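Q: Any chance you can model this:
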Amino acid sequence: MTLGELIKELGGELVVGSAETEVLRVSSAERAGSGELAFAEDAAAAEEALKCGAGVVVVRSGVGASWYPTLGNDEAVAKGGARSDGGRSGEGEPGPVVSHPSATKLQMDGARDISGQDEIGMGGIGLGKCVVEVKQPRLWFAQAGKLLAPNMAVTGVHASAVIGAHVHLGAGVSIGACAVVGDNAAIGAGTRIEAGAVIGAGVRIGEECRIYPRVVIYEGTTLGNRVVLHAGAVLGADGFGYVRDAKTGRYTQFPQQGTLVVEDDVEVGANSTIDRGALEETRIGRGTKLDNLVHVGHNCAIGEDVILVMGTGISGSSTVGNGAVLAGQVGIGDHVHIGPGVILGGQAGVLSGKTLTNESAGVKPGTVLWGTPARPLTQVLREIAVVSRLVKRAGSRDQGETRASAKRLLARCVKGAKGLLARCALVGKGLLRWLGKPSRQALIGCAFEKSER
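A: Alright, predicted model coming up:
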């Protein structure tokens with residue numbers, strides 16, 4: 001695609017360079033080449049990105065002024081700086097293909113537009129480099145990456161694939177080796193099913209979906225358009241529901257005959273699992289993203305644009321509101337309601353039957369809740385600090401008590417030794433009196449003779 005075509009699709013303003021520049025792919029600033037696109041989100045990063053080999057750099061609107069701090073507005077425009085008229089398009093809205101005055105002027109002056117050797121302005125921008133200003137560079141970069149990604153070739157149905165009866169395959173469907181598609185399934189146009197995937201009977205899959213190897217989709221599951229299921233994901237399995245016999249202690253499975261609906265633009269990570277409803281449905285809302293090793297239990301309703309990070313587990317009959325973020329290893333009990341926009345930090349927990357919203361927690365949107373039970377991170381940090389101080393004080397008190405106990409023990413030992421010596425002296429005196437004076441002299445003489453020897 002040309003840079004002009006990208007700008008027409010995504011919006012933004014070309015402030016330096018030519019709209020006819022060919023863009024092959026996206027890349028990091030460190031590794032980008034002349035036909036590649038890099039991005040920078042602040043002035044410092046932009047300054048570094050403009051020194052890299054990328055042919056196109058996408059920056060945040062307004063940072064251009066910092067590249068030419070000593071130039072007046074008219075000269076800045078002539079040199080490729082940002083305009084002050086505020087005429088920029090935001091991403092997501094089709095914007096005009098802008099041929100900036102700087103490109104025309106520089107080319108008229110005989111500049112080498114593709115050499116990249118000459119520099120202009122105080123920012124040191126090579127003449128062969130294009131600069132696009134947008135409101136959200138990272139988002140624009142990601143969207144450009146999807147547009148520039150090469151389309152995979154349509155390979156049709158592999159000879160070793162097993163296709164059931166009355167299966168509907170849309171135009172351009174690809175089915176890999178040893179994949180299995182059950183009876184009465186329907187697969188939308190442009191969908192790709194990789195090797196070894198198993199699609200149950202009656203499953204409905206929308207258009208332009210990507211089903212990676214070894215994915216298993218049980219019957220009763222419906223996928224929207226552009227759904228991505230990574231390797232090893234299992235959708236529509238029985239929920240974990242059992243009834244215990246109070247008399248015998250044995251368990252009987254509660255009926256698991258509901259359905260699973262996955263809406264458009266959902267992505268499910270490798271080895272993640274989503275259970276079907278027990279009697280009703282489990283639903284994953286549009287645009288929600290599940291990381292690897294995430295589990296969603298039966299009868300759950302997950303809203304739109306929700307983020308579930310690795311290791312998160314959501315028990316049955318729970319709901320998660322639109323835009324919520326559940327970080328790694330978050331645990332949600334059954335029949336829990338998580339409100340819209342709630343952010344739960346890593347290893348946070350919500351107990352069964354609870355309702356957790358930003359309003360109930362008394363926090364502003366965007367505040368991170370942490371711990372079990374989940375509460376504001378600032379509160380948790382204060383609690384940790386208080387507990388730490390208490391432990392230190394208890395340790396100091398214990399040390400003081402130990403020293404005092406040692407002193408008391410030593411005093412008792414000294415007192416006991418003195419008493420023992422006193423008793424020995426009394427016994428000795430009594431023995432001498434009992435022996436009489438001649439005997440005492442005889443004993444003294446014997447002791448004297450032994451000492452002489």
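
Q: leaving aside the residues next to it on the chain, what's closest to Gly311?
A: Residue nearest to Gly311 in three dimensions, not counting chain neighbours: Gln329, with 3.9 Å by CB to CB, 6 or more residues apart in numbering. In short, each C-beta sits where N, CA and C put it, glycine included.

Q: separation between the one you found and Thr372?
A: 11 Å (CB to CB, to the nearest Å).

Q: The two - which one has more neighbours?
A: Applying other CB atoms under 10 Å to Gln329 and Thr372 shows that Gln329 carries more neighbours, namely 16 against 13.

Q: okay, now the domains of this structure?
A: 3-148, 162-378 (automatic domain parsing).

Q: With distance to Leu421 as new columns, can these be given to me in CSV?
A: Listed next are the domains of the chain as CSV, based on distance: least, CB to CB, whole Å:
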stretch, distance to Leu421
domain 3-148, 82
domain 162-378, 62
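
Q: want to try TSV for those, with mean pLDDT and distance to Lys418 as columns?
A: Output for the domains of the chain, formatted as TSV (pLDDT from 0 to 100; distance: least, CB to CB, whole Å):
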stretch	mean pLDDT	distance to Lys418
domain 3-148	67	79
domain 162-378	96	58
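
Q: of all the ones you listed, which lies closest to Val154?
A: Set against Val154 and scored by CB to CB, these come closest in domain 162-378, at 4.8 Å.

Q: Any idea how far apart the tips of the closest one sit?
A: The first residue of domain 162-378 is 56 Å away from its last residue (CA to CA, to the nearest Å).

Q: Repeat that for stretch 326-333.
A: OK, stretch 326-333 end separation, CA to CA: 13 Å.

Q: Not counting its own residues, what contacts it?
A: With contacts defined as CB atoms under 8 Å, 6 or more residues apart in numbering, stretch 326-333 is touched by 291, 306-315, 318, 320, 338, 343-354, 372.

Q: Surely Lys407 is in a helix?
A: Yes: using DSSP: H, G, I helix; E, B strand; the rest coil, the assignment for Lys407 is a helix.

Q: Next, find the distance separating it from Cys413.
A: Lys407 is 11 Å from Cys413, by CB to CB.

Q: same deal with Glu36?
A: Noted for Glu36: a distance of 83 Å to Cys413, by CB to CB.

Q: out of the two, which sits in the busier spot?
A: Taking neighbours as other CB under 10 Å, Glu36 and Cys413 compare with Glu36 leading, 20 against 10.

Q: quick one, phi psi at that one?
A: phi -120, psi 160 (degrees, to the nearest 10).

Q: Next up, the contacts around it.
A: 23-27, 54-56.

Q: and those, which are buried?
A: Those of the contacts of Glu36 that meet the buried threshold are 23, 26-27, 54-56, by 16 or more other CB atoms under 10 Å.

Q: In terms of distance to Cys178, which of those residues ranks first?
A: Val26 (33.8 Å).

Q: Helix, strand, or coil at the residue nearest to the closest one when sequence neighbours are not counted?
A: Take Val26 and drop its neighbours on the chain: the residue closest to it by CB to CB, 6+ apart is Gly145, 4.3 Å away. Gly145 carries the three-state label helix when classified by three-state DSSP.

Q: now Gly145: how far from Ala43?
A: From Gly145 to Ala43 the distance is 23 Å (CB to CB).

Q: likewise Ala195?
A: Relative to Ala43, Ala195 is positioned 48 Å away (CB to CB).

Q: Repeat that for Glu304.
A: 34 Å.

Q: Please apply the same query to Gly232.
A: For Gly232, the distance to Ala43 (CB to CB) stands at 43 Å.

Q: likewise Glu280?
A: Taking CB to CB, one finds Glu280 at 53 Å from Ala43.

Q: and if you look at Ile343?
A: In terms of CB to CB, Ile343 sits 28 Å off from Ala43.

Q: More neighbours: the two, which one.
A: Neighbour totals were compared for Ile343 and Ala43, and Ile343 leads with 21 against 16 (other CB under 10 Å).

Q: What values do phi and psi take at that one?
A: Reported as degrees, to the nearest 10, the phi and psi values for Ile343 are phi -120, psi 120.

Q: how far away is it from Gly371?
A: Taking CB to CB, one finds Ile343 at 13 Å from Gly371.

Q: How about Ile314?
A: To Gly371, Ile314 is 18 Å away according to CB to CB.

Q: out of these two, which sits in the more crowded spot?
A: Ile314 (26 against 18).

Q: And for that one, nearest residue in space, chain neighbours not counted?
A: Leaving aside its sequence neighbours, Ile314 sits nearest to Ile332 (CB to CB, 6+ apart; 4.5 Å).

Q: how many other residues sit next to the one you found?
A: Ile332 has 29 nearby residues by other CB under 10 Å.

Q: beta partners for it?
A: Per DSSP bridges, the residues bridged to Ile332 are Ile314, Val350.

Q: can you map out the helices along the stretch 251-400 of the chain?
A: Counting by DSSP state H, counting those that start in this stretch, the stretch 251-400 of the chain has helices at residues 377-452.

Q: secondary structure element for Glu5?
A: Element membership of Glu5 [criterion: DSSP states H and E] is helix 3-10.

Q: buried ones in that helix?
A: 3-4, 6-8, 10.

Q: Show me what that helix is packed against.
A: Packing contacts for helix 3-10, counted by 3 or more CB pairs under 8 Å, 6 or more residues apart in numbering; DSSP states H and E, involve strand 13-16, strand 130-134, helix 137-148.

Q: try 6 Å this time
A: Helix 3-10 sits against helix 137-148, with contacts defined as 3 or more CB pairs under 6 Å, 6 or more residues apart in numbering; DSSP states H and E.

Q: what angle separates the helix it packs on from helix 3-10?
A: Angle, helix 137-148 to helix 3-10, by axes from the mean of the first three to the mean of the last three CA atoms, to 10 degrees: 110 degrees.
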